[in-house]
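here are the coordinates; sequence isn't available:
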């Protein structure tokens, strides 16, 4: 018997399976390199069908080894859309290195249940980070996302409790997000107030409305609304629905920013607003669109959270703006505007989610977890600034 209580033959079998997974991953990597003369599209399709899908469900460790070896040296880390190239090498490699470390230190990390649990946990942060990235790209910032999340979820919950039809209640919740986005955008673009001050004010307004409406008590959702509850608790096959929504929004965001005129306007406005205005770009409308999109996605996240908890909590989204902004920054978005990607923001949210999960699995004190997260944010920003200075000096 081993020290953990399992029979010796079981321990040996586990070791054999792990070794086979590693060797299988290395063999598949060699196969990918051997067929490197094929077109990139053919290689990507072949690897996706033959390797990635089976390994993702049956040998996640081997898939991880393949990715960590291939991505730093592969052009797959740079996705080209039209005239733009979306480079995600740095946050993706950082995420994979973190996953490798946790897979070696905690046997529970690479289980399917844990991985999907982590993805579900950071999906809301990623969804809101997509909208936050649009705002930061224009040179602004939105601190009100946590309050919008709470107020939108509360609005839908109260209407459902009052017997409203589900579609109308959900539209009302999303309408809260649109209203806050319009309010923020108008104050920034028309009145000329700084985005930090505007959204700090709407943060307090939204949170105050939540406490006034609830008086500090949660609002329970009737179980009659099963389709709504499935939005937070349901699955599409074995994938949680919040994760499916996150992936769909990520794809839509990547395509929007890099393959549409409005997406390119967002980069132009953030890079140089005056030059964009002289070029005929409607700067104020572009900024207004970014704020409305950000608040709407925050409202959507609020609906998903309420469906997940089957109740609207008055404390929901408290301090949520910090991890959302951190996800964008860790993913490579510049707080100065004009530089960043939606995919990078989602990867930043994934890094934070995996880091938090890893600290729990490794038994790190709850009090120390925030300090570790803050340190990671500072290091990410410092590394980003250092790399920009290094590129500028060349």
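Now that the structure is in, tell me what you want to look at. Just so we're clear, the structure is a prediction, and the values are computed from it rather than from any experiment.

ok, which stretches of the stretch 151-300 of the chain are strands?
219-220, 235-236, 239-240 (DSSP state E, counting those that start in this stretch).

Would you mind telling me which of the ones you listed is nearest residue 284?
strand 219-220 (36.9 Å; Cβ to Cβ). No exception for glycine: its C-beta is placed from N, CA and C like everyone else's.

Give me the residues contacting that closest one.
Applying Cβ atoms under 8 Å, 6 or more residues apart in numbering, the contact partners of strand 219-220 are 154, 157, 158, 161, 310, 311, 312.

got the domain boundaries for this structure?
Following automatic domain parsing, the chain resolves into domains at 1-107, 117-392.

and the last one, average pLDDT?
Throughout domain 117-392, pLDDT has a mean value of 91.

what does the first one give?
Domain 1-107 shows a mean pLDDT of 53 in the predicted model.

I'd like the distance between the closest residue to residue 243 other than its chain neighbours and residue 127.
Closest residue in space to residue 243, ignoring its immediate chain neighbours: residue 119 at 4.6 Å, by Cβ to Cβ, 6 or more residues apart in numbering. As for residue 119, its distance to residue 127 is 12 Å (criterion: Cβ to Cβ, to the nearest Å).

intersection of neighbour lists for the two?
Joint contacts of residue 119 and residue 127 (Cβ under 8 Å, 6+ apart) are residue 246.

Pull the number of nearby residues for residue 279.
Neighbour count of residue 279, defined by other Cβ atoms under 10 Å: 11.

I meant to write residue 359 there.
Per other Cβ under 10 Å, the neighbour tally for residue 359 reads 17.

Pretty sure it sits against residue 371.
No: assessed by Cβ atoms under 8 Å, residue 359 is found out of contact with residue 371, at 10.5 Å.

Would you mind putting the contacts of strand 219-220 into TSV with distance to residue 328 alongside?
Shown next, in TSV, are the contacts of strand 219-220 (distance: Cβ to Cβ, whole Å):
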residue	distance to residue 328
154	25
157	28
158	31
161	34
310	30
311	29
312	26
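
Tell me the buried residues within those.
154, 157, 158, 161, 310, 311, 312 (16 or more other Cβ atoms under 10 Å).

Return the closest of those residues with respect to residue 229.
Using Cβ to Cβ, the buried ones among the contacts of strand 219-220 come closest to residue 229 at residue 310, 6.0 Å.

quick one, what contacts the closest one?
So residue 310 contacts 220, 221, 223, 229, 233 (Cβ under 8 Å, 6+ apart).

same check, this time on residue 265
Counting by Cβ under 8 Å, 6+ apart, residue 265 has contacts 276, 281, 282, 286.

Among those residues, name the ones in helices.
276, 286 (DSSP state H).

Residue 286 touches residue 266, doesn't it?
Yes: the criterion here is Cβ under 8 Å, and residue 286 meets it with residue 266 at 5.9 Å.

So which of those two has more stuff around it?
Applying other Cβ under 10 Å to residue 286 and residue 266 shows that residue 266 carries more neighbours, namely 27 against 24.

before we move on, the earlier item: so which of the contacts of residue 265 wins on neighbours?
Those, ranked by neighbours (other Cβ under 10 Å): first place residue 286, 24 neighbours.

distance of that one from residue 128?
On the measure of Cβ to Cβ, residue 286 and residue 128 end up 20 Å apart.

again, but for residue 253
Remark: distance between residue 253 and residue 128 (Cβ to Cβ) = 12 Å.
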